[in-house]
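>>> model this:
(4 chains)
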There are 2 protein chains.
Amino acid sequence: MDKLQALRACQLFMGLPEENLNELNSIAKYKTFKRGELIFSDGDVGEGFYAIVNGRVKLFKLGPDGREQILHFASNGEPFGEITLFSDVSYPAFARAVTDLSVLFFRRDDFKALVYTDPQLSLNMIAIMSHHLRRFATLVEELSLKDVPARVARHLLNLALKSGCEDGNCIEIELDVSKTELAQKLGTISETISRTLGKMRLTGVIDTSGRKVKILDIDMLEEIASGLKK
Amino acid sequence: MDKLQALRACQLFMGLPEENLNELNSIAKYKTFKRGELIFSDGDVGEGFYAIVNGRVKLFKLGPDGREQILHFASNGEPFGEITLFSDVSYPAFARAVTDLSVLFFRRDDFKALVYTDPQLSLNMIAIMSHHLRRFATLVEELSLKDVPARVARHLLNLALKSGCEDGNCIEIELDVSKTELAQKLGTISETISRTLGKMRLTGVIDTSGRKVKILDIDMLEEIASGLKK
DNA sequence: TCTGTTTCTTGACTTAAGTCAATGCCAGTA
DNA sequence: TACTGGCATTGACTTAAGTCAAGAAACAGA
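Just a heads-up that it's a prediction; the model follows:
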């Protein structure tokens, strides 16, 4: 396991001078988690933050009834828990490894010392946080102002944009997570996702088989996503 | 109007060296808006960001049906629209002056040049963004996982903590916004707020008159907020 | 390939919260 | 003082989406 190489693969450490990478290398602790393992809990006092070497982490909130709302799936190269560095010290959500996972861990004080001296590092941090803020603002908008069909439609359109594969005049996509997890991302439950996709299939907007979705009528999907049509 | 003095009152510019404050002073443009005026719209390409000298700004999302979800009320000394600096260039929400308003405006390029050279400034920016991230994570949690009574109860408890005034064994608070705006903050509508407060009054948890709320049974309120009781 | 778990789908039912509409209540101002 | 317009309250009704339950399908481990 080459920590230095892993460091280079993180957006957070992009463009840093070699000496600072070495410095980071010396303070980073390599850790692994098993699939399903809880990494930290909402409200836990954090010792530091993590950067993913390999695997996927689910960041989520837990409701009083046990329902989960997924805030983010973090994957290779992404940091998580970095918010403990600068405001408060408690983690703002739960984090669970959804695959076998290897990470680099940085103790808060070790890392902060470095941020104070490396302007590029703070700028990278700002860029990452900006990104999260934007996603959160969108998530709030969807949860509060859009109905489930609109959220599902928007998700499909996003996937199509990111990894859709044209096939004639329709677009093939593959869901990146289970239906249950999709529901937890979109603030609903799996039954409702089933029904929503079912209705879309019935009206000829999409076709589905397993995790594959074929978008047949992208204009209609766009209308559903924007809340004009249902 | 002393711009330099206004700059000193912003968290964002706390602890900056005098010369950088002067630099900021020279790039800041003083602007005013009338109560009710729209400052920017969701998706607008932004030229820069604002810091409030005096007044209050509502940052919000708009649903397809015209419903509003308030993301944040920004007030004296707070920056807003700063996200356009680092990710993308479009504003992520609408901004409207809710009082007569005076602000300092910073053009993106002018300001960014300064961020690159002043580490304290980036750290301040990170602190502010961390704060927003944390609030957003909580907002997502409430919208997705808590019912309206729980959200209202939590809001009352927060107010009590921030500006509550003990009176015997009950706590007096004053709502900081109209019921309609409160509804828009909590992701619901004013009728539902009315009914929720009404029921709390009926069960003896609170007493209300106008914008004043008296918390009579804080333990019960805490239970409602955590979703254990309804 | 079998088998047991987990995930998905579908149906019937319930419920929280939104819509619509009528009315009351102030606050500002003319 | 009366009038106006915005805000708040209340009631009757509707509806989107959650709950519960049963069965089907998919997947992973042996």
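>>> helix or strand next in line after the host helix or strand of A:Leu4, which one?
Using DSSP states H and E, A:Leu4 falls within helix A:3-8. Later in the chain than helix A:3-8, the nearest helix or strand by DSSP H and E is helix A:18-27.
>>> for chain A, what lies in contact range of DNA strand C?
A:Ser178, A:Lys179, A:Thr180, A:Ser190, A:Glu191, A:Ile193, A:Ser194, A:Arg195, A:Leu197, A:Gly198, A:Thr208 (CB under 7 Å from any atom of the strand). The C-beta positions use only the backbone N, C-alpha and C, and glycine is treated the same way.
>>> tell me how far A:Leu186 lies from chain B.
Plainly put, A:Leu186 is 9 Å away from chain B if you go by CB to the nearest CB, to the nearest Å.
>>> got it, and A:Leu101?
A:Leu101 is 21 Å from chain B, by CB to the nearest CB.
>>> of the residues of chain A next to DNA strand C, select the buried ones using a PyMOL command.
Listed next is the PyMOL selection for buried residues among the residues of chain A next to DNA strand C, using 16 or more other CB atoms under 10 Å in any protein chain shown:
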select buried, chain A and resi 179+193+197
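>>> can you narrow the residues of chain A next to DNA strand C down to the ones near DNA strand D?
Answer for those near DNA strand D (CB under 7 Å from any atom of the strand): A:Glu191.
>>> just the residues of chain A next to DNA strand C now: which is nearest A:Glu68?
When the residues of chain A next to DNA strand C are compared for distance to A:Glu68 (CB to CB), A:Thr180 comes out closest, at 9.3 Å.
>>> secondary structure element holding that closest one?
Per DSSP H and E: helix A:179-186 holds A:Thr180.
>>> which bits of chain A sit near DNA strand D?
So far as CB under 7 Å from any atom of the strand goes, chain A lies against DNA strand D at A:65, A:67, A:147-149, A:187-189, A:191-192, A:210-211, A:230.
>>> narrow the residues you listed to those that are buried.
Looks like the residues of chain A next to DNA strand D have A:Arg67, A:Asp147, A:Val148, A:Pro149, A:Gly187, A:Thr188 buried, using 16+ other CB under 10 Å.
>>> the top helix by length along chain A near chain B at all?
The residue-count maximum for a helix in chain A (DSSP state H) belongs to helix A:119-145. Yes. Against chain B, helix A:119-145 shows contacts by CB under 8 Å from any CB of the partner chain at A:119, A:122-123, A:125-127, A:129-134, A:136-141, A:143-145.
>>> just the closest of the residues of chain A next to DNA strand D to chain B, please.
A:Gly187 (4.2 Å; CB to the nearest CB).
>>> the helices in chain A, which residues?
Under DSSP H, chain A gives helices at A:3-8, A:18-27, A:108-117, A:119-145, A:148-163, A:179-186, A:190-202, A:218-226.
>>> nearest to A:Ser90, of these?
If you check each of the helices of chain A against A:Ser90 by CB to CB, helix A:108-117 wins as the nearest, at 11.9 Å.
>>> please name every helix or strand in contact with the closest one.
helix A:18-27, strand A:48-54, helix A:119-145, helix B:119-145 (3 or more CB pairs under 8 Å, 6 or more residues apart in numbering or on different chains; DSSP states H and E).
>>> now the angle from that helix to helix B:119-145?
130 degrees (axes from the mean of the first three to the mean of the last three CA atoms, to 10 degrees).
>>> which residues touch helix A:108-117?
A:20, A:23-24, A:27, A:46-49, A:84-85, A:89, A:121-122, A:125, B:119, B:123 (CB atoms under 8 Å, 6 or more residues apart in numbering or on different chains).
>>> distance of the closest residue to A:Asp176 other than its chain neighbours from B:Asn20?
The shortest distance from A:Asp176 to any non-neighbouring residue, by CB to CB, 6 or more residues apart in numbering or on different chains, is to A:Leu159 (6.9 Å). The spacing between A:Leu159 and B:Asn20, counted by CB to CB, to the nearest Å, is 44 Å.
>>> so what strands line up beside the helix or strand bottoming out on mean pLDDT in chain A?
Lowest by mean pLDDT, DSSP states H and E among the helices and strands of chain A is strand A:165-167, with a mean of 82. Strand A:165-167 has the following strand partners under DSSP bridges: strand A:170-174 (antiparallel).
>>> quick check: buried residues in the partner strand?
Applying 16+ other CB under 10 Å to strand A:170-174 flags A:Ile171, A:Glu172, A:Ile173 as buried.
>>> quick one: the nearest residue to A:Lys146 once chain neighbours are set aside from DNA strand D, how far?
Leaving aside its chain neighbours, A:Lys146 sits nearest to A:Gly227 (5.9 Å; criterion: CB to CB, 6+ apart). Using CB to the nearest atom of the strand, to the nearest Å, A:Gly227 is found at 10 Å from DNA strand D.
>>> likewise for A:Ala137?
When A:Ala137 is compared with DNA strand D (using CB to the nearest atom of the strand), they lie 19 Å apart.
>>> so who does that residue touch?
B:Lys61, B:Leu71, B:Pro92, B:Ala93, B:Phe136.
>>> quick one, grab the pLDDT at whatever residue of chain A ends up closest to DNA strand D.
As assessed by CB to the nearest atom of the strand, DNA strand D sits closest to A:Asp147 within chain A, at 3.0 Å. With respect to pLDDT, A:Asp147 scores 97.
>>> kindly report the same for A:Glu141.
So, for A:Glu141, pLDDT stands at 98.
>>> what about it, how many neighbours?
Per other CB atoms under 10 Å in any protein chain shown, the neighbour tally for A:Glu141 reads 20.
>>> that one - nearest residue in space that isn't next to it in sequence?
Per CB to CB, 6+ apart, closest to A:Glu141 is B:Lys61, 4.1 Å.
>>> hang on, isn't that neighbour packed against A:Ser144?
Yes. Here B:Lys61 reaches A:Ser144: they are 7.3 Å apart, a contact under CB atoms under 8 Å.
>>> need the residues touching each of these two.
Joint contacts of B:Lys61 and A:Ser144 (CB under 8 Å, 6+ apart) are B:Gln69.
>>> now, of the helices and strands packed on helix A:108-117, which is deepest in the fold?
Of all these, strand A:48-54 carries the top mean neighbour count, a mean of 22, counting by mean count of other CB atoms under 10 Å in any protein chain shown.
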